[in-house]
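*Asks:* Please find the sequence and the predicted model below.
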Amino acid sequence: MTQEEKRFIEKIVTQINESIKSDIRIMEVCGTHAYQIAMFGIRKLLTPKIHLVSGPGCPVCVTEPDYIDALIALLRHENVSVATFGDLLRVRGSSGSLEEQKSLGRKVITVYSPEDVLVLAKKKKGEYIVFAAVGFETTAPLYAALLQTAQKEKIQNLFLLTSLKRMEPAIRFILGEAGVHIDGMLCPGHVATITGIGPFLPVTTEYNIPAVICGFEAMDIIASIGILCKQITGEVPHRLINTYKRCVRDTGNPTALCLINEVFRISDVSWRGIGMIQGSALTLNHRYEVYDAAKRFNLKIETTTTSFPDGCECGKILIGEKTPDVCNNFGRMCTPEHPMGPCMISSEGACAVYYRFGGDEI
Amino acid sequence: MKGKITLRHGDGGLHTNKLIRDIFYRHFNNEILTGYQDAAIFSLETGRLAFTTDSFVVKPIFFPGGDIGKLAASGTINDLTAAGAAPLFLSTGFVIEEGFEIEMLDRIAASMGQTCNTVGAKIVTGDTKVVEKGLVDGVYINTSGIGIVHGCFCPRRITCGDEIILTGTLAEHGTAILLERYDLGIQSDIVSDCKPLSEIIPALGDHIKYVKLMRDPTRGGVATALCEISESEHIGAMIDEEKLKIRPAVRAVHDLLGTDPLYFASEGRMILVIEKGYGMEIINILKKLESCCDAEIIGTFSKMYSRVCLRTTFGGERILSMLENQTISRIC
């Protein structure tokens, strides 16, 4: 970081801290923001009147136990391998995790990109490869591109079990139905890179809450908090501002959006700790349902109400109502080594971030 | 020598002897080893001795900047260095998988021999076992070492104000291995920093009396090493991120993968804890050494903190925790 950048940050931080006279709550919706804020030590720079709370934007944390159960059920089929990104391995369903299944010798394969899955399917022609397709709009185009390639190359042993989620309905849920009080929102720049600014406009236009589409560098985050504070204190009107223009176009990424529309349709899905959110899922449409593992293997993913271990506050932490440090299990019974709640499993889960980097107090 | 290792190379007979002569004796060449004794016999000056052992199972066996042989020799030499000792004699044990290329074994032994030669240490005894295919992954090496501890080195309790020196850039070994092991398709010029550091001891000379503790930040990287020191000494520390030197290519890889270089191994760096007020004196000595030319005071121990904290480049603060797990394969 250059001296000029440092001076710029110092100036904004001073302005922020002088302008905020009473307690305010700013939510970062995305797990990557939660991680970056903590890693840069930004809380320590800001007045304690500014409370930075996390939202439900870590895909691992909001993946329902029933989905994990379905993946585990697949492993009982002869000739089925489940391919997954590594961060899903430790998420528990009602009867254990993929990591435990792997240690029992079941065929769970960690991949680093959807391309790996394609290679795997070609290599293991006599086997079925089911890819655990979890994520938000950021990852969905990759899964879509994978299926398009599979279709083009007539690969018939590759399937997706999807649990893909959309950001806008979750934000509407938090600000509407859940009635969570926040004064400003840091919106995820990577989702907006794909979707454009559209899904985030209602934050200001319908809910009248200051919002900024924000990148992931320290400068991005601090400048965005600065803009939010100016809107919160009334210095400037409430309006969605895009500070991540180097990546985010108003209309998003047309190629990625085209891929999503070609392969997926909008439906409903249950979020761990939150419950069913209408219209918040991306599932395979009729053109690609032949790749749907749920249909191919007759799986029914039940949408039961999530139950958490005793004392676990993940349900409230996921929607920013509570911070991890108020949970009695946090750092005692629940650690990244022995996670009890879902927010401690992913490295970008709110509790894991708090545990690793410290929260408001260091 | 060409061909592959077979079980016969481990049966103690003719083939074993030929392997020992043609590879190990040739590369480790010294009069103590080649005496065909079951145990090495040598004399030592009087004084305190340091004795250490370590096993090496790195994958891949050959990596940019080194191989398992260089790593095994450097690792033990550096463990002795951390104990304030000049390395003298090493032992080594090889467990080799049936079918391993003899030419590769030759290269590994050669780099072990060279590494020891550069610091004046000798491999004086060894053992070779060959196991059936699939029981080990290529080759595993154990090395143990003996050295004489410098008369002025006296590890002491760390107190408030003691300064922390890191002898160079960080995370290069771990990052080089990461890129090779996971075949991530990232092209880079990152090479492992793997090298012996024993020149530190004679260079410090009597100034070593100001060194309270040394630790090489191998597995778990600089962050984990500092956390271990902090926990065992019951004192916190503040590390200045700006003083941590990370090569741009290394930083770029970790930015891309979302991993933290502070938790990735160095195999040619040392952390030194220096008595309050003497940090700069030690830095001036270390900077003259080729292996430590990028040495910096990266922070201080302080009772103000109960854990190791990091002051970020622009003044933020956060905790440095012990490494729990780093997931490289992630959804986003």
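*Replies:* Received it, and whenever you're ready, just let me know what you need.

*Asks:* Count the residues that sit near B:N29.
*Replies:* Burial of B:N29 is recorded as 13 neighbouring residues (other Cβ atoms under 10 Å in any protein chain shown). For every residue, glycine as well, the C-beta is placed using N, CA and C.

*Asks:* Double-check it against B:G113; I have them as touching.
*Replies:* Yes: at 7.1 Å, B:N29 counts as touching B:G113 under the criterion of Cβ atoms under 8 Å.

*Asks:* Just give me the neighbour total for residue 275.
*Replies:* Because you didn't say which chain, this covers chain A. As a burial measure, A:G275 scores 16 neighbours (other Cβ under 10 Å).

*Asks:* looking at chain B here, not the other one
*Replies:* If we define neighbours as other Cβ under 10 Å, then B:E275 has 18 of them.

*Asks:* which residues touch it?
*Replies:* Applying Cβ atoms under 8 Å, 6 or more residues apart in numbering or on different chains, we find B:E275 in contact with B:162-163, B:210-212.

*Asks:* I'd like to know how far it sits from chain A.
*Replies:* 26 Å (Cβ to the nearest Cβ, to the nearest Å).

*Asks:* How about B:S302?
*Replies:* Counting by Cβ to the nearest Cβ, the separation of B:S302 from chain A is 13 Å.

*Asks:* How about the contacts made by that residue?
*Replies:* B:160-161, B:235-238.

*Asks:* just B:L184 next, same as before
*Replies:* A:112, B:178, B:257.

*Asks:* Can I get the buried part of those residues as one PyMOL selection?
*Replies:* This is the PyMOL syntax for the buried subset of those, where burial follows 16 or more other Cβ atoms under 10 Å in any protein chain shown:
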select buried, (chain A and resi 112) or (chain B and resi 178+257)
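
*Asks:* and which of the contacts of B:L184 is nearest A:C229?
*Replies:* B:L257 (32.6 Å; Cβ to Cβ).

*Asks:* What backbone torsions are found at that closest one?
*Replies:* phi -90, psi -10 (degrees, to the nearest 10).

*Asks:* which non-adjacent residue is nearest it?
*Replies:* If you skip the residues right next to it in sequence, B:L257 has B:I328 as its closest partner in space, 5.9 Å away by Cβ to Cβ, 6 or more residues apart in numbering or on different chains.

*Asks:* residues touching the one you found, list them.
*Replies:* B:I328 touches A:86, A:112, B:178, B:182, B:257, B:259, counting by Cβ under 8 Å, 6+ apart.

*Asks:* How about B:A121?
*Replies:* Contacts of B:A121 (Cβ under 8 Å, 6+ apart): B:73, B:77, B:87-90, B:145, B:147, B:196, B:198.

*Asks:* And for B:C194?
*Replies:* Contacts of B:C194 by Cβ under 8 Å, 6+ apart are B:65-66, B:70-71, B:74, B:173, B:267-268.

*Asks:* By residue count, what's the longest helix in the chain?
*Replies:* By default, I'm working from chain A. Scanning chain A for the helix with the most residues, using DSSP state H, yields helix A:3-19.

*Asks:* right idea, wrong chain: chain B
*Replies:* Max-length helix for chain B by DSSP H is helix B:102-119.

*Asks:* And that one, what's buried?
*Replies:* In terms of neighbour count (16+ other Cβ under 10 Å), helix B:102-119 has its buried residues at B:102, B:104-113, B:115-117, B:119.

*Asks:* what's the helix or strand for B:C160?
*Replies:* Using DSSP states H and E, B:C160 sits within no helix or strand.

*Asks:* I'd like the distance between it and B:C227.
*Replies:* To B:C227, B:C160 is 18 Å away according to Cβ to Cβ, to the nearest Å.

*Asks:* How about A:D69?
*Replies:* 37 Å.

*Asks:* if we can go back for a sec, partner strands of the helix or strand following the longest helix of chain A, with direction?
*Replies:* Going down the chain from helix A:3-19, the next helix or strand is strand A:24-30, by DSSP H and E. Strand A:24-30 has the following strand partners under DSSP bridges: strand A:50-57 (parallel), strand A:184-188 (parallel).

*Asks:* can you tell which of the ones you listed is closest to A:I197?
*Replies:* strand A:184-188 (8.5 Å).

*Asks:* returning to what we had before: go through the contacts of B:L184 and name the one nearest A:Q36.
*Replies:* B:L257 (14.4 Å).

*Asks:* coming back round to it: so B:C160 and B:C227 - more neighbours on which side?
*Replies:* Between B:C160 and B:C227, B:C227 has the larger neighbour count (other Cβ under 10 Å), namely 19 against 12.

*Asks:* how many neighbours does residue 77 have?
*Replies:* With no chain named, the answer covers chain A. 16.

*Asks:* please go with chain B instead
*Replies:* 28.

*Asks:* So which residues on the stretch 51-200 of chain A come close to chain B?
*Replies:* With Cβ under 8 Å from any Cβ of the partner chain as the criterion, the stretch 51-200 of chain A meets chain B at residues A:59-60, A:85-88, A:110-112, A:134-136, A:138-139, A:190.
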